[in-house]
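J.: With the input below, show me the fold.
(one chain, ligands or ions: 1)
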Amino acid sequence: VKRVRISKRAEERVRRGHPWVYQGEIEDVRGTVSPGEIVNFEGHRGRTLGKGCLNVYSTIALRVLTLDPQEEIDRSFWARRITRAWQYRKEVVYGKESDSYRLIFGEADFLPGLIVDQFASVLVIQILTAGIEKHREVIQEILWDLVHPAGIYERSDVGVRELEGLSLRSGLLAGEVPDLVEIRENGLRLKVDVKFGQKTGYFLDQRENRAFLKRFSLGKRVLDCFSHLGGFGLHAGFFGAREVIGVDISESAVQLAMLNARLNKLENTCRFEVANAFDFLRTVEREKERFDMVILDPPAFAKSKKNLEGAIRGYKEINLRAMKILSSGGLLVTCSCSHHLSWDLFLKVVEEASLDAKRRIRFIAQRGQAPDHPILLGYGESEYLKCLFCEVV
Ligand code: SAH
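T.: Residues are numbered from 1 along each chain as shown. Here you go, the predicted structure:
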């Protein structure tokens, strides 16, 4: 195993639990290392710190696998990490009401670069780094033996792979996977498209926030913006809403949302439309329509720090418009899945929007991602989802 030395600054951060060392922090590489190869890494004084995958061509050059220099990175290592992730899910995803969850959340499960979602009996795997790419077969075998899925599908069709020198790929890896997989979430039935849908097919991180709608939905008129497959809106309908309108810009998502409405016998209360949510909100405001609940769950407007300013304008606009169309005492469920937009900034956005809308806000709940997307202390990047339940007075 080859050795690399990392900078003092990187050493301190890694000791505090952060699993990344950047290109400029690699001070010395002994010998040539192929992308993703496992190396021993040492601190600036030459003390061995642990093992990781090195890819000098990537901005994130070293990904820590273990801080125990004695630990071998063999089959049993991968099996231990994957089994631990699986056992953790058995504890935090409770009840028979949901059969789908994120089984492996990369760095936060001490498996940098690996994402695995379980949708009922199907696993969807996403490999983001050259390090994981080298061990794909063994990881697949371990998952197969542990979970006994009906099939494993790969969705490594994400741009970040190019930063690692990997091409995009997707397709069936093992067993059988239907075009639409039916899952259960909080007692609802949902069809998800793991082969061509967004990301791995469905946004599991909002599961508990959707369930939280239960106490607020009865008799309400609801607008679900950025509805995707109908996750939030269908929950509101299931929990007794009088009328639900969902809007999403993706035609295939809206098609599936309508199918999901029928599947739950909610087609008389829930309908979904293809529309740009910004335009839709503007139209509702102009026509002086009112809703008792508005859900805003947009895609990440801030993909990096660079476009944070533009993102903030976007978040403010939708929040402002949502507040204007809410009836007095109505509920605003507003979310941001941008890691770069901190809680502080997000709360500021909501505050500014409320001042412009001339509405007072009371926070009912400040929530985050479901615990199958754990937040690893020392690795701030693992915290990304913010979900505010607000009473709009
Ligand atoms: N609320 C969903 C997840 C939303 S993900 C759930 O509970 O699962 C973000 C969604 O926003 C995607 O489905 C995407 O198609 C949609 N989207 C992106 N830009 C949009 C826009 N300008 N108007 C409406 N929908 C948009």
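J.: Let me see the contact set for the closest residue to the ligand within the chain.
T.: Nearest to the ligand, among the residues of the chain, is residue 231, at 2.8 Å (C-beta to the nearest ligand atom). Just so you know, the C-beta spots here come from the backbone N, C-alpha and C atoms, and that holds for glycine as well. Residues in contact with residue 231, defined by C-beta atoms under 8 Å, 6 or more residues apart in numbering, are 185, 190, 202-203, 206, 210, 297.
J.: tell me which residues form a beta bridge with residue 21?
T.: residue 62 (DSSP bridges).
J.: So it sits against residue 9, correct?
T.: No. With contact defined as C-beta atoms under 8 Å, residue 21 and residue 9 do not form a contacting pair (9.5 Å).
J.: quick one: which of these two has more around it?
T.: Using other C-beta atoms under 10 Å, the more surrounded residue of residue 21 and residue 9 is residue 21, with 25 against 13.
J.: what pLDDT does the more buried one get?
T.: Looking at residue 21, its pLDDT reads 98.
J.: Please apply the same query to residue 365.
T.: 98.
J.: Kindly report the same for residue 266.
T.: Looking at residue 266, the pLDDT reads 98.
J.: cool, residue 96 as well?
T.: Residue 96 is given a pLDDT of 82.
J.: show me the contacts for it.
T.: By C-beta under 8 Å, 6+ apart, residue 96 lies in contact with residue 184.
J.: Repeat that for the one 4 residues further on.
T.: Taking C-beta under 8 Å, 6+ apart as the criterion, residue 100 is in contact with 117-120, 183-185, 202, 204.
J.: what's the closest non-adjacent residue to it?
T.: residue 183 (4.2 Å; C-beta to C-beta, 6 or more residues apart in numbering).
J.: hmm, back to that, what two of the contacts of residue 100 are the furthest from one another?
T.: Greatest spatial distance in these: 117 and 184, 14.5 Å, computed using C-beta to C-beta.
J.: more crowded one of the two?
T.: Higher neighbour count among residue 117 and residue 184: residue 117, with 26 against 14, using other C-beta under 10 Å.
J.: My read is that that one contacts residue 99, right?
T.: No. In this structure, residue 117 is not within contact of residue 99 by C-beta under 8 Å, at 11.9 Å.
J.: Please pick the buried ones from the contacts of residue 100.
T.: 117-119, 183, 185, 202, 204 (16 or more other C-beta atoms under 10 Å).
J.: okay, those residues in JSON lines with pLDDT, distance to the ligand and secondary structure next?
T.: As requested, the buried ones among the contacts of residue 100 are arranged in JSON lines below (pLDDT from 0 to 100; distance: C-beta to the nearest ligand atom, whole Å; DSSP: H, G, I helix; E, B strand; the rest coil):
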{"residue": "117", "pLDDT": "98", "distance to the ligand": "13", "secondary structure": "strand"}
{"residue": "118", "pLDDT": "98", "distance to the ligand": "16", "secondary structure": "strand"}
{"residue": "119", "pLDDT": "98", "distance to the ligand": "13", "secondary structure": "strand"}
{"residue": "183", "pLDDT": "98", "distance to the ligand": "12", "secondary structure": "strand"}
{"residue": "185", "pLDDT": "98", "distance to the ligand": "10", "secondary structure": "strand"}
{"residue": "202", "pLDDT": "98", "distance to the ligand": "6", "secondary structure": "coil"}
{"residue": "204", "pLDDT": "98", "distance to the ligand": "9", "secondary structure": "helix"}
